[in-house]
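Undergrad: No sequence on hand, only this structure:
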């Protein structure tokens, strides 16, 4: 291999040549990778970009299996030739090609020359690596019996449009509450949180959660929300915490209800649309295990008409609405229980951060 002003040149190997990142551990989700690669000579893949996806890895192959195949290896144990991700591109020798990978939670999207290639739900299709590229972990690029140049390789963490650790009064000032007296700030060691400690003295116009904490001055349509949460109430079927989305006003919004046991009124995505909340998804076979004094990692993904929620990395809810939920505010809460929230992050490609009128009539 040779480094020069043009980048990194990888001579043809027997059969592979590659380079692997040796620095600090790269992010495993919520990031983008960009690579510009050129086939200089040879007829097999000139770019095998291996990257992390949560606790696994995946490889984007450009020009494999005779020089044209473009796909992802491997999914559910099948490589790009057989897993349905293959497309065929007439790659020209000595012409640079730019590819991009985006990892959002369980979802992997890839692009070539700005055009979408793949959109993969790795919660349903488990990523893995072919043995030949194991040495590329956690992040690397390789070529197969082909001389290639890598002129660009960039990694960018996706920056949240909103972030709060609830460690200072300024964090609390970013939230609007249905009843401020029901919430307080807490901390132990290095962890801080927003705590819903009592039932709220708030009665919504229609049957829906009572205790709400909305992010001020932020509207999003498609987004991902991550938060750590701890349920502090007693165990019973509807023991819950909630995530609020698509909030337009107190009579028009949606919420995710995460509960111990599912039924017609629990553990689902619900819509409040000028009437009492109604369920949007099918009743699931099981809820979530909150446990006692346990923190859980929760991720909500809203894209188009789909809403998915992961609880400690496992899919907890997966709902496809009849039409997309509108843009709106987001937040945290509970129907009528107690709990703690920490490390709230919201990721979105577009966000409206204009000032919003008070969400609650009392302006709390």
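TA: Perfect, I can see it now. Just so it is clear, the model here is predicted, and its values are computed rather than measured.

Undergrad: my guess is residue 267 meets residue 317, correct?
TA: Yes - the pair residue 267 and residue 317 qualifies as a contact (CB atoms under 8 Å) at a distance of 7.4 Å. (Glycine included, C-beta is placed from N, CA and C.)

Undergrad: overlap in contacts of those two?
TA: Shared contacts of residue 267 and residue 317, defined by CB atoms under 8 Å, 6 or more residues apart in numbering, are found at 258, 284.

Undergrad: All the helices of the chain, in order from the start?
TA: Remark: helices assigned in the chain by DSSP state H are 169-173.

Undergrad: Walk me through the domains of it.
TA: Domain assignment for the chain by automatic domain parsing gives 2-157, 162-352.

Undergrad: mind checking how far the first one is from the chain centre?
TA: When you say that, I think you mean domain 2-157. Taking CA atoms, centre = their mean, to the nearest Å, one finds the center of domain 2-157 at 21 Å from the center of the full chain.

Undergrad: same deal with the longest one?
TA: Remark: domain 162-352 is offset 16 Å from the chain centroid, using CA atoms, centre = their mean.

Undergrad: Distance of residue 72 relative to residue 302?
TA: Taking CB to CB, to the nearest Å as the measure, residue 72 falls 24 Å from residue 302.

Undergrad: For residue 9, give me its contacts.
TA: Residue 9 sits next to 1, 2, 3, 40, 147, 148, 149 when contact means CB under 8 Å, 6+ apart.

Undergrad: can you pull up the bridge partners for the closest residue to the last one other than its chain neighbours?
TA: Distances taken as CB to CB, 6 or more residues apart in numbering put residue 38 closest to residue 149, at 4.6 Å, once the chain neighbours are dropped. Going by DSSP bridges, residue 38 is paired in beta bridges with residue 96, residue 149.

Undergrad: isn't residue 38 right up against residue 148?
TA: Yes - contact status for residue 38 versus residue 148: in contact at 6.5 Å, counting by CB under 8 Å.

Undergrad: Quick check on the contacts of residue 9: which are buried?
TA: Buried members of these, scored by 16 or more other CB atoms under 10 Å, are 40, 147, 148, 149.

Undergrad: mind checking how far the spatially most central residue of the chain is from residue 134?
TA: With distances taken as CA atoms, centre = their mean, residue 105 lies nearest the centre of the chain, 3.1 Å away. Using CB to CB, we find residue 105 at a distance of 24 Å from residue 134.

Undergrad: what do you get for residue 183?
TA: For residue 183, the distance to residue 134 - CB to CB - is 48 Å.

Undergrad: neighbour-wise, which of the two wins?
TA: Set side by side, residue 183 and residue 134 show more neighbours around residue 183, with 24 against 11, by other CB atoms under 10 Å.

Undergrad: Quick check: bridge partners of that one?
TA: Counting by DSSP bridges, residue 183 forms beta bridges with residue 196.

Undergrad: Need the contact partners of stretch 281-293.
TA: Contacts of stretch 281-293 (CB under 8 Å, 6+ apart): 230-231, 235, 239, 258-264, 266-269, 296, 311, 316-319.

Undergrad: Kindly recompute the last result at 7 Å.
TA: For stretch 281-293, the surrounding residues in contact (CB atoms under 7 Å, 6 or more residues apart in numbering) are 231, 239, 258-264, 267-269, 311, 316-317, 319.

Undergrad: Then stretch 236-248?
TA: Applying CB under 7 Å, 6+ apart, the contact partners of stretch 236-248 are 209, 212, 214, 225, 229, 231, 233, 253-261, 266, 290, 300, 302, 325-326, 328-335, 337, 339, 359.

Undergrad: can you give me the strands in the stretch 151-300 of the chain?
TA: With DSSP state E, counting those that start in this stretch as the criterion, the stretch 151-300 of the chain has strands at 162-164, 175-177, 183-188, 191-196, 211-215, 219-220, 223-231, 240-249, 252-259, 268-273, 278-279, 296-303.

Undergrad: okay, these in a markdown table with distance to residue 77 and mean pLDDT next?
TA: Compiled in a markdown table, the strands of the stretch 151-300 of the chain are given as follows (distance: least, CB to CB, whole Å; pLDDT from 0 to 100):
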| stretch | distance to residue 77 | mean pLDDT |
| --- | --- | --- |
| strand 162-164 | 37 | 96 |
| strand 175-177 | 45 | 96 |
| strand 183-188 | 43 | 96 |
| strand 191-196 | 39 | 97 |
| strand 211-215 | 41 | 97 |
| strand 219-220 | 36 | 96 |
| strand 223-231 | 28 | 96 |
| strand 240-249 | 34 | 97 |
| strand 252-259 | 32 | 98 |
| strand 268-273 | 32 | 98 |
| strand 278-279 | 36 | 97 |
| strand 296-303 | 25 | 94 |
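
Undergrad: May I see these arranged in CSV, with distance to residue 98 as well?
TA: CSV is the format used below for these (distance: least, CB to CB, whole Å):
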stretch, distance to residue 98
strand 162-164, 30
strand 175-177, 41
strand 183-188, 45
strand 191-196, 41
strand 211-215, 35
strand 219-220, 28
strand 223-231, 25
strand 240-249, 34
strand 252-259, 37
strand 268-273, 38
strand 278-279, 45
strand 296-303, 24
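
Undergrad: Figure out which of these is closest to residue 66.
TA: strand 296-303 (35.0 Å; CB to CB).

Undergrad: Good, wrapping up.
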